[in-house]
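Student: what shape does this take:
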Amino acid sequence: MVKDYFKFIGIALLVIITVSFLGFLVNGGNLLSYKFFAPKTEQVRRETFEQSKAYNQGMIQELQNMQFEYIKATPEQQIALKSVILHRAADYPEDKMPNDLHNFIEELKR
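Tutor: Numbering: from 1, shown residues only. Here you go, the predicted structure:
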């Protein structure tokens, strides 16, 4: 009777240890998988966002607002705005800009 009791406890401990070890292995596998796939997933997410209509319209609208503020600004303010505008426009493809905005950005670069 006591022998069966210790056998049951031993088997229960063995099951608990085995399940814990398997859980640890699965979690480690998930971490390795995440390490490999997460950057690729994030890159696809970013590219999808940058191709969205909302992003493109928002960027053009923001650059046009900056252009308007630049035109209204004093020469001292224009120096500061020029740097900000060129920084914002640096990562945005020029072929997606309207002609007037593209010309304005090119003029600022000179």
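
Student: can you list the domains in the protein?
Tutor: What the record gives for the chain is the domain set 1-51, 53-109, from automatic domain parsing.

Student: any idea which of those scores lowest on pLDDT?
Tutor: Ranked by mean pLDDT, the domains of the chain bottom out at domain 1-51, with a mean of 86.

Student: all strands for the protein, in order.
Tutor: Assigned by DSSP state E, the chain shows no strands.

Student: and the nearest residue to residue 92 once chain neighbours are set aside, how far from residue 33?
Tutor: Excluding its sequence neighbours, the residue lying closest to residue 92 (C-beta to C-beta, 6 or more residues apart in numbering) is residue 59, at 5.4 Å. Any C-beta I mention is one placed from the backbone N, CA and C, and that applies to glycine too. Here residue 59 is placed at a distance of 34 Å from residue 33 (C-beta to C-beta, to the nearest Å).

Student: ok so, going back, now the domains of the chain as TSV including mean neighbour count?
Tutor: Output for these, formatted as TSV (neighbours: other C-beta atoms under 10 Å):
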stretch	mean neighbour count
domain 1-51	10
domain 53-109	13
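
Student: can you give me the helices for the chain?
Tutor: 2-50, 53-72, 75-90, 99-109 (DSSP state H).

Student: hmm, who's touching the second one?
Tutor: Okay, so that is helix 53-72. With contacts defined as C-beta atoms under 8 Å, 6 or more residues apart in numbering, helix 53-72 is touched by 49, 78, 81-82, 84-85, 88-89, 92, 96-98, 101, 104-105.
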